[in-house]
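J.: I need the structure of the sequence given here:
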Amino acid sequence: MYKVIIIGSGPAGLTSAIYAARANLEPLVFEGMQPGGQLTITTDVENYPGFPSGILGPELMDKFRKQAQEFGAKTLFENVDKVDFSSRPFKVQVADKEYLAESVIISTGASAKLLGLESESKLMGFGVSACATCDAFFFKDKDVFVVGGGDSAMEEATYLTKFASSVTIIHRRNEFRASKIMQDRVLKNEKISVIWDSEIIEMHGEPTDKGLESVDIKNLVSGEVRNHPIHGVFMGIGHKPNSDIFIEKLKLNEAGYIVTKADSTQTSVEGVFAAGDIQDFTYRQAITAAGSGCMAAIEAERFLEAQE
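T.: The predicted structure follows:
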């Protein structure tokens, strides 16, 4: 029986592991198959305090992990298949093994929706990004594309205009589905242009300093394919919370994010907490995820004390 089981890693899960371990709760962390979460597919992180020259995403997560282990957290690179929160102790199923926990912290994050191209995965962090707030600075005075037609794409495009010399939105349809106010803001911006009825079908470049060099864009009406030299492509087609195993176990919102109480990480089940991008669809930053991981650990500790 564990006092705390943490499902998921990333800044939220590993920060909650550091705090829980320092409180002698001996947490068990299931890091999943992408240990370190989305930061492991991020090259340079320049906006995390304490690293004036920046730090590689995987390196930052490795430091988080070592710090948690230093205080007694146990970490396993395994996926959780099933949970049962109907009664305490809570049950967490990993392959054919069942683990029992007095409290659970969920930090499974959210994944950026991507086009699904092999070249896209290869060039992620080398000219391809799913976070303008994180990476726009690297594209100062460069030309970039944004893929999408909803509010996410409009936000990314508008933010990028502060840095890039030009922003072009690539959209599959002949009109945006974003809210009117967001559309107006984009269409009035002189730095932003739109390629309608089109999609990126291939990306060219190398996952080195050279990075992304060009993309092939197909017009879905005429079928014509053109190659466009470009420095950066930002995915603005939204995020999907990694919450499938919690459907009908916890209260989720319409988009599938775990609902937590105001100013808290407490979920709809007492003793189960959620931190990071699995419950935060607004900020989605490493620093805010780490902060909510700290909150979850402190709340779990208080919950356990109240049970004694």
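
J.: quick check, residue 189 in a helix?
T.: No. The assignment for residue 189 by DSSP: H, G, I helix; E, B strand; the rest coil gives coil, which leaves it out of any helix.

J.: what ranges do the strands span in the stretch 1-150 of the chain?
T.: For the stretch 1-150 of the chain, applying DSSP state E, counting those that start in this stretch gives strands covering 2-7, 28-30, 44-45, 55-56, 74-76, 82-84, 90-94, 97-106, 110-112, 128-129, 143-147.

J.: turn these into CSV, including mean neighbour count.
T.: The way it works is simple: take the backbone N, C-alpha and C, and place the C-beta from them, glycine included. Output for the strands of the stretch 1-150 of the chain, formatted as CSV (neighbours: other CB atoms under 10 Å):
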stretch, mean neighbour count
strand 2-7, 26
strand 28-30, 24
strand 44-45, 18
strand 55-56, 17
strand 74-76, 16
strand 82-84, 15
strand 90-94, 18
strand 97-106, 21
strand 110-112, 19
strand 128-129, 28
strand 143-147, 25
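
J.: quick one: buried residues of the longest helix seen in the chain?
T.: Longest among the helix segments of the chain by residue count, using DSSP state H, is helix 286-307. When burial is assessed from 16 or more other CB atoms under 10 Å, helix 286-307 yields the following buried residues: 286, 288-301, 303-304.

J.: one more: stretch 51-63?
T.: For stretch 51-63, the neighbour count (16+ other CB under 10 Å) marks 55-58, 60-62 as buried.

J.: and stretch 229-243, by the same measure?
T.: 230-239, 241-243.

J.: again, but for stretch 154-165
T.: Neighbour-count burial for stretch 154-165, counted by 16+ other CB under 10 Å, picks out 154-161, 163-164.

J.: let me see the domain layout of the chain.
T.: Taking automatic domain parsing as the criterion, the chain consists of the domains 2-111+239-307, 114-235.

J.: mean pLDDT added to the ones you listed, as CSV?
T.: Putting the domains of the chain into CSV (pLDDT from 0 to 100) gives the following:
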stretch, mean pLDDT
domain 2-111+239-307, 95
domain 114-235, 96
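
J.: of all the strands of the stretch 1-150 of the chain, which one is nearest residue 205?
T.: Distances from residue 205 to each of these were compared by CB to CB, and the smallest falls on strand 128-129, at 8.7 Å.

J.: list the helices and strands the closest one packs on?
T.: The helices and strands touching strand 128-129, judged by 3 or more CB pairs under 8 Å, 6 or more residues apart in numbering; DSSP states H and E, are strand 232-235.

J.: which strands border the strand it packs on, and is each parallel or antiparallel?
T.: Strand 232-235 sits in its sheet next to strand 128-129 (parallel), strand 143-147 (parallel), going by DSSP bridges.

J.: among the ones you listed, which comes closest to residue 207?
T.: strand 128-129 (9.6 Å).
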